[in-house]
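Undergrad: sequence and predicted model, in that order:
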Amino acid sequence: MNPEETQKIIVEVSAYAVQLRDGFPYLRFRSDMEAAFRRERLFDQLLQLRKNLWLVAGLFLAFGLMSLLVVPPAHQGLVACVHIVALAPLAIAMLALTYHRRPYQAYARIAPALAVLMGAGLVVVDVVASLDGVDLLYPDLLVFCVYVYFLVGFLFYEALLVNALIAAIGFVVPLAVGVAESTALHHALLTLVSMVVGAAVTYAVEAEVRTGYLNRHKMQQQLDTADRDSLTGIYNRRAFDETLTRDWAQAQREGVPMALILVDIDFFKPFNDRYGHQRGDACLRAVAEALARAARRALDTTARYGGEEFGVILYNPSREYLGEITQTIHDNVAALAIAHESSSTGPRLTVSIGVGFVVPTVERSKEGLVQLADEALYKAKCEGRNTTRFGESSYESLKTGVFRHPLRA
């Protein structure tokens, strides 16, 4: 297998290509890619989202003042109070979520509930006005429905759920306070129609956005040849260093864990001596492919670290996932069934694996993660090879730049 074929395999098995091939009729990617998509999407539209929420807050304040002119005196204070004291602050609270340390998490979890409360507040205002003979019932809900679908950064299912809850509140509350059933039903149907139309448009727009996201990242992988190792087709050392620096800084900001897997082919020099360098090159390409097939999450990065050593950078993995991926690497290499009669681990090619698993802190550096994985790899090699060892508990006491196993020197 030549480098071009290997790189083609890497691209074809990338998470983006697989997701494009499989489609996403329910507007959902695989869990890890879905989180990455939501994060990137929110950050891309963060500035515009803040402008939209400032506009919403301003409109609520303006409507609160306008109610003093159009609502009869008996309920002017209540309507103005709901707009100014409740609705505008709710919009400002949504705005504040966009300044959270991790806005893509905080906003997605809390903003929909705040939007439902705003919709409920509008229902209260409209019902009070209608009981006073002012026909404000539901026109502003229709406008708010548009805002929820298109202007506050919700994805399709979030927007649909929020609008459905608001529509239900808008139907039940008027009936409960004595609004004519025919009037409530008429306005509920209008709201339902606007919801369906808005949902259809939102679905189509989000499907297009998701397709563009997948195509963009797949194309980036294809075009990023400068970061590919010429022999194996996976990422090279430069790309490894850049990715580790970027992911380390991101994980440090968000307080999530990172892992580095170092994989070393057991007794590779004797393999070259026995079978020749051409077989050695073919062996490196095969192992690179096996690693790439194991690291399938959107944020997993597989690279040739140097010689017969490979690195896999994992952003925000679970401890369980690390166990699964390392076992998959061993299984994939075993499935290659490459003969290695000069190995003391058995008649077939094997690999040793060292894993560094930490939560980055400002007191530590990415070099410490590399050293942690390197020492774990060394331990795996000292204990018989063809095995995996983890380095995580000694992270805080690690003295970066000083390898703690003298035999390594």
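TA: Received, thanks. Only a predicted model underlies this, so the values are computations on that prediction, with no experimental measurement involved.
Undergrad: how about low-confidence regions in the stretch 201-350 of the chain?
TA: 221-225 (pLDDT under 70).
Undergrad: which element follows the helix or strand containing L95 toward the C-terminus?
TA: Counting by DSSP states H and E, the element that carries L95 is helix 88-97. On the C-terminal side of helix 88-97, the nearest following helix or strand under DSSP H and E is helix 103-131.
Undergrad: which elements pack onto that next one?
TA: helix 31-44, helix 46-70, helix 73-81, helix 88-97, helix 139-150, helix 156-176 (3 or more CB pairs under 8 Å, 6 or more residues apart in numbering; DSSP states H and E). Where you see a C-beta, it was placed from the backbone N, CA and C, and this is true even at glycine.
Undergrad: can you add mean pLDDT and give the ones you listed back as CSV?
TA: CSV is the format used below for the helices and strands packed on helix 103-131 (pLDDT from 0 to 100):
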stretch, mean pLDDT
helix 31-44, 88
helix 46-70, 86
helix 73-81, 73
helix 88-97, 94
helix 139-150, 85
helix 156-176, 91
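Undergrad: and those: which comes nearest S343?
TA: Closest of these to S343 is helix 31-44, at 34.7 Å (criterion: CB to CB).
Undergrad: compute the inter-axis angle for the closest one and helix 46-70.
TA: Compare the direction of helix 31-44 with that of helix 46-70 by axes from the mean of the first three to the mean of the last three CA atoms, to 10 degrees and you get 60 degrees.
Undergrad: what packs against helix 31-44?
TA: Using 3+ CB pairs under 8 Å, 6+ apart, the elements in contact with helix 31-44 are helix 15-22, helix 103-131, helix 181-223.
Undergrad: pull out the buried residues from that helix.
TA: Residues D32, M33, E34, A35, A36, F37, R38, R39, R41, L42 are the ones in helix 31-44 that count as buried (16 or more other CB atoms under 10 Å).
Undergrad: just the CA trace of that helix, in CSV.
TA: Output of helix 31-44 as CSV, limited to C-alpha atoms (Å, rounded to 0.1, in the frame of the first residue of the first chain):
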residue,chain,number,x,y,z
SER,A,31,-22.2,12.3,20.2
ASP,A,32,-18.7,13.5,20.0
MET,A,33,-19.1,15.2,16.7
GLU,A,34,-22.5,16.7,17.8
ALA,A,35,-20.7,18.4,20.7
ALA,A,36,-18.0,19.8,18.4
PHE,A,37,-20.6,21.0,15.9
ARG,A,38,-22.6,22.8,18.5
ARG,A,39,-19.6,24.4,20.0
GLU,A,40,-18.3,25.7,16.7
ARG,A,41,-21.7,26.8,15.6
LEU,A,42,-22.3,28.9,18.7
PHE,A,43,-18.9,30.5,18.6
ASP,A,44,-19.3,31.4,14.9
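Undergrad: which other residues reach that helix?
TA: Residues external to helix 31-44 that are found in contact with it (CB atoms under 8 Å, 6 or more residues apart in numbering): 15-16, 19, 28-29, 49, 103-104, 107-108, 153, 155, 209-210, 213, 297-299.
Undergrad: N163 contacts V196, correct?
TA: No: in terms of CB atoms under 8 Å, N163 does not count as a neighbour of V196; the distance is 10.0 Å.
Undergrad: more neighbours, the two?
TA: In this view N163 and V196 are compared by other CB atoms under 10 Å, and N163 has more residues nearby, 29 against 12.
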